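[1] What would the 3D arrangement of this be:
(one chain, ligands or ions: 1)
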Amino acid sequence: MKISVIGCGYLGAVHAATLASMGHDVVGVDTDAEKVGHLARGFAPFFEPGLEDLLRDGRATGRLAFTTDMDLVADCDVHFLCVGTPQSKTSELADLAYLEAATRSLAERARAGSVVVGKSTVPVGTVQRVRGWLVGAGAELAWNPEFLRQGTAVKDSLVPDRLVYGVDDADLAPGAQAASAVVRALDEVYAPLLHAGVPRIVCNFATAELIKSAANAYLATKLSYINAMAELCDAAGADVTQLSAAMGLDPRIGQRYLAAGLGFGGGCLPKDIRSFRAQARELGVESVDAWMGLVDEININQRTRVAEIASELCGGSVSGRRVAVLGAAFKPDTDDIRDSPAIDVALRLAQAGAHVTVTDPKAINNAWMRYPQLQFETSVAAACDGAEIVLLVTEWAEFRAIDPIDLAERVSRPVMVDARNVLDGDAWRAAGWTFRGLGTGARR
Ligand code: NAD
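    Predicted coordinates for the structure are as follows:
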């Protein structure tokens, strides 16, 4: 099939590359000429494991191209909308301006009978607006929310947990699905995945929009829940790592997304739960509004707590202290610093007068120009040179592997705050460090 992918950021670039690897002819379009230049030459404009291999394969087979020229999508059978839907600057609502611009531009070019498929995360009800922007194009519309996670995005796209097709009510009538042009088009796009047994859910538009929001809200809930338990553990002298391990052994609960720490960030979960909250408010559903508000509050409070712990371990203030911060990316295996808890903590400490040096294996290039109040180093050793306190805020594998005896020789005071609960506190204490995790009060 001939497919266009409009918006080639963290989602779209991976989607375009994986579709080409499935044998489709794909053209990725983005308004960012620099990004397109990188992608067209086979280089990922951001760090995502496995993406460059796919980009180079796509280039070699001639099945994958990138452009800034929307006219090149005109003969495509299917168009995927993958542009950003960030939080509005003035409210918790999602800003749909990029989606509107991309859709209107597509509407002028899409051929009649082609299928436009939304993948961006949108508030429930957005599809009706997109339909309005597409009026006159003669194209069909579907919504196919994406669940990939940065850091494992290629694998998530090639082996997704499920495919969700949001379609028109008429296509859901008994017997209508098999004949539906959008269902058939999506089945053809995803044929290799469907053959491999990936579950497919065909539902109405509102359900598809809500499946994505509800899934993200649940993940955020699980993380904030265990972070609230961490606070309780600290207050009660209990250990949240043992608590979550024991809870997670119950298969109804499960281990994943149950690790207490600095909380979630990135370009998706925070803005998605705020948008979900705003949607619930508009729809008059107070429980979801209040719930998401609390999840967000607990999450942000973790950042405050970590900054307070650092201050406490510096005798009440970090002012004038040399602080090393291990991590800038919002999570490991990505260079993305959008709404990064790591950067947030570093900025809070700098604001309080600390001299903060940050290191990160991949994200420094994204961070150093934007935050002149922070210092950046490319190695843990250099970042920790003379530090009076070290904070681990992103759980990169190489930070987990730090030898506390070696690092003790670089710092001026061996004090470690493990804000991701990934280090062996006993080993660090044995190496002479003052060591604090989150919710591990019993082991202090
Ligand atoms: P991003 O900011 O990395 O990428 C968006 C891209 O769209 C940018 O490259 C931008 O230049 C481009 N763009 C904007 N307007 C355009 C236009 N008119 N025409 C062509 N290109 C245009 O964002 P992202 O992280 O890829 O997220 C995109 C969407 O996917 C969001 O709705 C997000 O919530 C959703 N999503 C993201 C992830 C993820 O892990 N990043 C996962 C699932 C869903």
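[2] Ramachandran angles for Lys2?
    Comment: the main-chain dihedrals of Lys2 come out as phi -100, psi 120, following degrees, to the nearest 10.
[3] Surely it and His79 touch.
    No: contact status for Lys2 versus His79: not in contact, 9.9 Å apart, counting by C-beta atoms under 8 Å. For the C-beta atoms, the positions are set from N, CA and C on the backbone; glycine is no exception.
[4] Neighbour count for these two, which is higher?
    His79 (27 against 14; other C-beta atoms under 10 Å).
[5] And stretch 281-288, end to end?
    End-to-end distance of stretch 281-288 (C-alpha to C-alpha, to the nearest Å): 8 Å.
[6] So in that sheet, which strands flank the helix or strand encompassing Val356, and in what orientation?
    Using DSSP states H and E, Val356 maps to strand 355-359. Paired neighbours of strand 355-359 in the sheet (DSSP bridges): strand 322-326 (parallel), strand 375-377 (parallel).
[7] any idea which helix or strand comes after it?
    Strand 355-359 is succeeded, C-terminally, by helix 364-367 (DSSP H and E).
[8] about what we covered before: nearest to Arg256, of the strands paired with strand 355-359?
    strand 322-326 (23.5 Å; C-beta to C-beta).
[9] Give me the mean pLDDT for the closest one.
    Averaging the model's pLDDT scores along strand 322-326 yields 98.
[10] pLDDT on the helix or strand just after it, on average?
    For strand 322-326, the following helix or strand on the C-terminal side (DSSP H and E) is helix 341-351. Helix 341-351 comes out with an average pLDDT of 98.
[11] Name the residues of helix 341-351 that are buried.
    Under the neighbour-count criterion of 16 or more other C-beta atoms under 10 Å, helix 341-351 has Pro341, Ala342, Ile343, Asp344, Val345, Ala346, Leu347, Arg348, Leu349, Ala350 buried.
[12] for this structure, what spans make up the strands?
    For the chain, applying DSSP state E gives strands covering 2-6, 25-29, 64-67, 78-81, 115-118, 140-143, 163-167, 200-204, 322-326, 355-359, 375-377, 389-392, 415-418, 434-436.
[13] can you put those strands in a markdown table and add distance to the ligand?
    Shown next, in a markdown table, are the strands of the chain (distance: least, C-beta to the nearest ligand atom, whole Å):
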| stretch | distance to the ligand |
| --- | --- |
| strand 2-6 | 5 |
| strand 25-29 | 5 |
| strand 64-67 | 10 |
| strand 78-81 | 9 |
| strand 115-118 | 9 |
| strand 140-143 | 12 |
| strand 163-167 | 12 |
| strand 200-204 | 16 |
| strand 322-326 | 23 |
| strand 355-359 | 22 |
| strand 375-377 | 22 |
| strand 389-392 | 23 |
| strand 415-418 | 26 |
| strand 434-436 | 31 |
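[14] Spell out which residues make up each domain of this protein.
    The record, using automatic domain parsing to delimit domains, assigns the chain the ranges 2-198, 218-443.
[15] Tell me which of these lies nearest to Phe205.
    Distances from Phe205 to each of those were compared using C-beta to C-beta; the minimum, 4.1 Å, belongs to domain 2-198.
[16] Please tell me how far the closest one is from the chain's geometric centre.
    17 Å (C-alpha atoms, centre = their mean, to the nearest Å).
[17] Equivalent analysis for stretch 222-233, please.
    Distance, centroid of stretch 222-233 to centroid of chain: 21 Å (C-alpha atoms, centre = their mean).
[18] which parts of that stretch are buried?
    Judged by neighbour count using 16+ other C-beta under 10 Å, the buried positions of stretch 222-233 are Lys222, Leu223, Ser224, Tyr225, Ile226, Asn227, Ala228, Met229, Ala230, Glu231, Cys233.
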